[in-house]
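>>> model this:
(chains A, B, C and D)
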Number of protein chains: 4
Amino acid sequence: MIRFNNDYNRGAHPAILEALAATNGESYSGYGTDQWCQAAAEEIKKHLDRPQAAVHFLVGGTQVNFTAIAAALRPFQGVVCADSGHIHVHETGAVENTGHKILALPATDGKITARQIMEAGRSYVVSTVREHITQPKLVYISFPTEYGTVYTRQELEDIRSVCDVYGMYLFVDGARMAYGLAASDATLADFARLADMFTVGGTKCGALFGEALVIANPELQPDFRSYMKQNGAMLAKGWLLGLQFYTLFKDGLYFDIGRGAVEKAMRLRAACERKGIGFYIESPTNQQFVILENDVIRALEQKYCFEFESEIDDHRSCVRFCTSWASTEAEIAALMEDIDSL
Amino acid sequence: MIRFNNDYNRGAHPAILEALAATNGESYSGYGTDQWCQAAAEEIKKHLDRPQAAVHFLVGGTQVNFTAIAAALRPFQGVVCADSGHIHVHETGAVENTGHKILALPATDGKITARQIMEAGRSYVVSTVREHITQPKLVYISFPTEYGTVYTRQELEDIRSVCDVYGMYLFVDGARMAYGLAASDATLADFARLADMFTVGGTKCGALFGEALVIANPELQPDFRSYMKQNGAMLAKGWLLGLQFYTLFKDGLYFDIGRGAVEKAMRLRAACERKGIGFYIESPTNQQFVILENDVIRALEQKYCFEFESEIDDHRSCVRFCTSWASTEAEIAALMEDIDSL
Amino acid sequence: MIRFNNDYNRGAHPAILEALAATNGESYSGYGTDQWCQAAAEEIKKHLDRPQAAVHFLVGGTQVNFTAIAAALRPFQGVVCADSGHIHVHETGAVENTGHKILALPATDGKITARQIMEAGRSYVVSTVREHITQPKLVYISFPTEYGTVYTRQELEDIRSVCDVYGMYLFVDGARMAYGLAASDATLADFARLADMFTVGGTKCGALFGEALVIANPELQPDFRSYMKQNGAMLAKGWLLGLQFYTLFKDGLYFDIGRGAVEKAMRLRAACERKGIGFYIESPTNQQFVILENDVIRALEQKYCFEFESEIDDHRSCVRFCTSWASTEAEIAALMEDIDSL
Amino acid sequence: MIRFNNDYNRGAHPAILEALAATNGESYSGYGTDQWCQAAAEEIKKHLDRPQAAVHFLVGGTQVNFTAIAAALRPFQGVVCADSGHIHVHETGAVENTGHKILALPATDGKITARQIMEAGRSYVVSTVREHITQPKLVYISFPTEYGTVYTRQELEDIRSVCDVYGMYLFVDGARMAYGLAASDATLADFARLADMFTVGGTKCGALFGEALVIANPELQPDFRSYMKQNGAMLAKGWLLGLQFYTLFKDGLYFDIGRGAVEKAMRLRAACERKGIGFYIESPTNQQFVILENDVIRALEQKYCFEFESEIDDHRSCVRFCTSWASTEAEIAALMEDIDSL
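Next up, the predicted model:
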């Protein structure tokens, strides 16, 4: 079986495993106070143009999302988010479990707009019963979104402007950041400039595991390590995270991984287009949402793993193909050939 | 100013104040372990046909809602509720503050249907990634709803059937129960039979304050007093609650209050209809959502308090008039006259 | 039975009931935005010498404790408190239920010292693993304590100094404030000057129910009403609270109540001393912890309600007698006579 | 520098890294639904004699502690634990952050006794104000304890008996389980028989990271994966955990690691005894708490890392030396020689 079902079904980029093997005999101080975490933070910060940014390394995506949100908000404050947002639909209510309401806005292609956020902010400010409602204090967006789409730099600027007007924080979930950067004009420096916090995902972008959290807003930096520890997000052998991110960033490997996977996805996409296969959503990144006849799906399932998304009609469904840092040329070629011969 | 802005803008029915005065010199054991709480529970249970039901007396509506929900659910379980539901839009995220996600369904006239609930239940059961999503475990409905509408007995039966299929609890927020009972074929005994828990509101129905919570499902009864205390919902002088509910129920005063206010609301409603005034929603209870010209609104505001709800168009708005246990014949007559003379 | 078992076993001081009856026909705006709450706040603030203080009215003691603490703290911060403190031993873990750890210090006569608090503060500051431990951020003391003892003004000054050194908030639980003020040189103005927040208890001091929370520290004032609503602590008919506190404070009734009950307690105390009856703790307030022979206890139980506290040895126990605003001369005389004739 | 400061300062046992390298090209299904997790669970269960036990793999110690406790308890229930317990003093209030109070008992050598637990259970059951206090529902013990001591099988049996009487769960934190098993007559099968849940620590016992949680009590098994996901404890590439535990258990490596480190610790201990060096606590496991002259400490610090624990008097302190799976013969020999030559 060839797996296109997601971007986290294999171990790590070989460079990561080599780094782990090379340092296995060394001993380090614990909990992220080691030299690799420091070096990794410095490598990441080279891309940020934000000297005062803090960088922390956590283990997983759900974990970093709820830990950062819980650290930023007061109990009566909530999160504005797309109704397709990962924290809203796929994290078992982890944010609510920390006490915070999610105010879900209807998404278009997985995205929400500055205008929608403005309306959420405005409706609180003008309310005469503010103490009866949740304050929309933090905006959560995914980059790329759960549907593979990306925000442009201009869209991010607009969202930032609204956040400034209403005193909201902007948090960007970059679990698939590498793939998003390869498909948008937004850069890490843009995120450091426009977001209060954002993540640079490792798990889905070549690491064994790990998410880097950049806290650009100094107001949100104090005591963040206490929140990490309290939420089980401080790895005892923290250098395992630092070492991985150092490896991903010291020579630009992270960006290469993103570009490579997106380029492969675009070739699959082109193959589909050539055959007149439709798309559920126009995604410029490594996730492709394709509409196929159900019998084609059944045929492809003999050889490929991919994810069922939804029924379109009686005889067609939407399925997702993901490329990743681990997708090989041979795998792509096989799938393209099979698409061509449909 | 004549207040039609809500149903909790005056003290208590005179019978309540008399009862408080008559017992003020007596001393009682604290925290609801007194004879009045016991007597009140017995009076309420006469209407329930459910000998094993437990009745507790709490102070306020938000309090009883989140305390009961927190007592019923495990951390990964959430609440299915109308998107207009009080707990979703008007309680400062109190339910989420206890850790539970609200799964909001689009309401029609303030109500949700058995079919909608079924779909919520089904989508969890058939999910292949159940551990990634919130379990819809408790259905919250308001009776009457925030828009004054009521569920019929048949609708409640249908919702109960769906709850049985998916192992969900049914919780009915009866903050305005007296008014709902006067406008639906559903009775307290129906709620005791069909709901796992429901409230019988006092604050908006003639008491100084207080909500009775009926826990019909024995599974949800153990240790409920611990949840009350933990959530600040156990009044030290608990007999003040028992005494009020005893007074409301011993001779059917509670039902009289409901009928009286609804009858007055229906007269106002008829007056509007006679003048061709439209309604935002068809409410058979004490809340009437009326569409008026903005200059009519400004004129009426000189003499009456009522609540602005929303803009309809450039020159018309929806406003709410509430009758209550405290509305006098003179007040109703004045407003009817002013409507007639529009 | 004559009840000395606690100070909340009867309704309200007659002046309170009269005020409720006199205003029962009036209508008010809800949720504490009425004129009585404003007037009551002004009356209380006349004693504070702290113009910028905010005053809120909540229903009960546990409720005001956890709501104020949850509003003040970040998730990794905890409460320093005597191991006999009400929040630690008698509120069903309500503070922990809001997510905050209590760091209990061994109490002496129900009190903790500035030195103990200093050590708690210091041990955090000097820790090399701060992110692994709870920050002691708020000091909770009861005035009077659960054992009826009081802090002197000097002790409060010392505690404040330590709080200043370590950036801690001082919260004073004044559920029995009236009785404490009658027995200490500390005044309400001292609390407004030395504490960040403190309560002025109504439930145990003559009101039907209600606790006034004074937030002296402006840093803790914003959005407090949102915390109240979220925690079910915002009474719909908020004027019922304002009216009661206005009644208690407009002519100094609150202080009279405290002095009267303490004076009665001192007479009981003197009667015990005359008979050589020992005390478990030297309390200068309305709670007296007396050591009696078990057969004396059994005899007194025929006529009086009082609270068993603990076994002293095989034939003696400690019991608590409480006077209150409601204790009559006749009740005191009866008990004194029965003590004399032991 | 030679590190004896803790047992998690180096990567992983070489066998673990080899296994990771060997499988890095394979693709697996995510979130612990892979074959390695299944195989690892089976290997662990071979030692349990408890076919119905469930085994889950989580990332870290704090995480598994609070996730398991939050899954087991209702909001008004708390944890009985030694006042030196890791969850009480070293996890930033993580358990309280999930809403649960810790009822700390004074420890002797890091341990609590069945008698102490019985008293905690009894005092709740006999209380006449149960709803005002936290129910002691779960007993947390560490094996070995934070001071390196172990419970004997008989002690565990006694604690189990008390738990049965009062309906309490027993949770054993086995972060250093390998070292404890090497020093006690208790076996994994004993824990599976006597505890409701226990952990088998990987992080400190040879893995890169990871803790296995055994849920022996079927009552606590349902929906545990939902709790994992909600608390950020479900690793996307879950097979990384399964593979590690499979490697540790398939040939008994886990037990070898424990025995080897304890044997080395005992040689260090003997060297100390030969020199008349005292111990702060008699520990039979890999942590040794040694009392040294301060100038000896300063001398040893030139060459070794170890942990300062506490001042004993003006010229002596207690320090901790830890051996681990990674301690080499050369390191032990060097330290023994330096001790001998003191």
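
>>> show me what counts as buried in the strand or helix carrying residue A:193.
Assigned by DSSP states H and E, residue A:193 belongs to helix A:188-194. Of the residues in helix A:188-194, A:188, A:190-194 count as buried by neighbour count, 16 or more other Cβ atoms under 10 Å in any protein chain shown. No exception for glycine: its C-beta is placed from N, CA and C like everyone else's.

>>> in the stretch 101-250 of chain A, what residue is nearest chain B?
Scanning the stretch 101-250 of chain A for proximity to chain B using Cβ to the nearest Cβ identifies residue A:101 as nearest, at 3.7 Å.

>>> need phi/psi at that residue.
phi -80, psi 140 (degrees, to the nearest 10).

>>> for it, what are its contacts?
Neighbouring residues of residue A:101 by Cβ atoms under 8 Å, 6 or more residues apart in numbering or on different chains: A:78-79, A:134, B:93, B:96, B:102.

>>> roughly how far apart are the nearest residue to residue A:274 once chain neighbours are set aside and residue D:223?
Excluding its sequence neighbours, the residue lying closest to residue A:274 (Cβ to Cβ, 6 or more residues apart in numbering or on different chains) is residue A:340, at 7.3 Å. To residue D:223, residue A:340 is 45 Å away according to Cβ to Cβ, to the nearest Å.

>>> over to residue A:75?
26 Å.

>>> who's more crowded, these two?
residue A:75 (27 against 18; other Cβ atoms under 10 Å in any protein chain shown).

>>> quick one: contacts for the more buried one?
Contacts of residue A:75 by Cβ under 8 Å, 6+ apart are A:99-100, B:97, C:70-71, C:98, C:227, C:230.

>>> give me the secondary structure label for it.
Secondary structure, DSSP: H, G, I helix; E, B strand; the rest coil: residue A:75 is coil.

>>> C-alpha coordinates for stretch A:178-189, PDB please?
The C-alpha trace of stretch A:178-189 is given here as PDB (Å, rounded to 0.1, in the frame of the first residue of the first chain):
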ATOM      1  CA  ALA A 178       6.200  24.200   5.700                       C
ATOM      2  CA  TYR A 179       3.600  23.400   3.100                       C
ATOM      3  CA  GLY A 180       1.800  26.700   3.500                       C
ATOM      4  CA  LEU A 181       5.000  28.800   3.100                       C
ATOM      5  CA  ALA A 182       5.600  27.000  -0.200                       C
ATOM      6  CA  ALA A 183       2.200  28.200  -1.500                       C
ATOM      7  CA  SER A 184       1.600  31.700  -0.100                       C
ATOM      8  CA  ASP A 185       3.400  35.000  -0.300                       C
ATOM      9  CA  ALA A 186       3.500  35.100   3.500                       C
ATOM     10  CA  THR A 187       6.800  34.400   5.200                       C
ATOM     11  CA  LEU A 188       7.800  33.400   8.700                       C
ATOM     12  CA  ALA A 189       8.800  37.000   9.200                       C
END
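
>>> right, is it up against chain D?
No. Shown here: stretch A:178-189 not in contact with chain D (Cβ under 8 Å from any Cβ of the partner chain), separated by at least 15.2 Å.

>>> which other helices and strands contact the helix or strand that contains residue A:270?
Using DSSP H and E, residue A:270 sits within helix A:253-274. Judged by 3 or more Cβ pairs under 8 Å, 6 or more residues apart in numbering or on different chains; DSSP states H and E, helix A:253-274 is in contact with helix A:177-181, helix A:239-250, strand A:287-293, helix A:329-340.

>>> again, only using 6 Å
Contact partners of helix A:253-274 among helices and strands, from 3 or more Cβ pairs under 6 Å, 6 or more residues apart in numbering or on different chains; DSSP states H and E: helix A:177-181, strand A:287-293, helix A:329-340.

>>> now do the very next helix or strand once past it: everything it contacts.
Sequence-wise, the next helix or strand downstream of helix A:253-274 (DSSP H and E) is strand A:278-279. Residues from elsewhere that reach strand A:278-279 (Cβ atoms under 6 Å, 6 or more residues apart in numbering or on different chains): residue A:291.
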